[in-house]
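S.K.: could you work out the structure for the sequence below:
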Amino acid sequence: MKSLPETLPDETNVLHKMVLDYQSTVDQLQKKLTWYEEQFRLLQHKRFGTSSEKCPGQMELVNEAESILDSLKQDDSDPEETLSYQRKKPGRKPLSRDIPREVIRYELPEAERVCACGHALHEAGEDKSEQLEIIPAQIKVIFTGRKPFSSA
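M.R.: Presented below is the predicted three-dimensional model:
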């Protein structure tokens, strides 16, 4: 942008020409500013605006696949397949039978094996659980000594 002269001329024709020059410069800069603002707005919309993958004719592709599947199902009148395998049940694998076991049983004393109505209670099952107990290696100190010999 042109800078203003330190002293303005006294002639009106020259002043009019200067004003028109400055006005054209302002108009050009205003157009550039408008263009940059529009570019900024478009980039912001592209980056943060709603995105959609809608294309005309996209639904026909889905319908076409469904119609093909329907025709294949009608052509194949075979009975449905049966599964010949069993799925693995989730859970922990049993502990190896080679590991030594210690059996701990908790039982009610004879006095508590009576119902509130006076009848004897009977066993209704057994709750079992296995826990792996790891006993760390033992540590001990071995003291080794020797008596020195001297020639006396």
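
S.K.: kindly list the main-chain dihedrals of Val114?
M.R.: The phi/psi pair for Val114 (degrees, to the nearest 10) reads phi -120, psi 130.

S.K.: just the pLDDT for it.
M.R.: Per-residue pLDDT puts Val114 at 86.

S.K.: what of Leu29?
M.R.: pLDDT at Leu29 comes out at 96.

S.K.: just Gln23 next, same as before
M.R.: 95.

S.K.: name the element it belongs to?
M.R.: helix 12-48 (DSSP states H and E).

S.K.: first vs last residue of stretch 109-119, how far apart are they?
M.R.: 15 Å (CA to CA, to the nearest Å).

S.K.: need the contact partners of that stretch.
M.R.: 120-121 (CB atoms under 8 Å, 6 or more residues apart in numbering). Any C-beta I mention is one placed from the backbone N, CA and C, and that applies to glycine too.

S.K.: gap between the helix holding Gln23 and the chain center?
M.R.: A distance of 48 Å separates the centroid of the chain from that of helix 12-48, by CA atoms, centre = their mean, to the nearest Å.

S.K.: what comes up buried for that helix?
M.R.: Going by neighbour count (16 or more other CB atoms under 10 Å), nothing in helix 12-48 comes out as buried.

S.K.: which strands and helices sit next to it?
M.R.: Applying 3 or more CB pairs under 8 Å, 6 or more residues apart in numbering; DSSP states H and E, one finds that helix 12-48 contacts no other helix or strand.

S.K.: what about this protein, any weak spots by pLDDT?
M.R.: For the chain, the stretches flagged by pLDDT under 70 are 1-5, 51-65, 73-80, 147-152.
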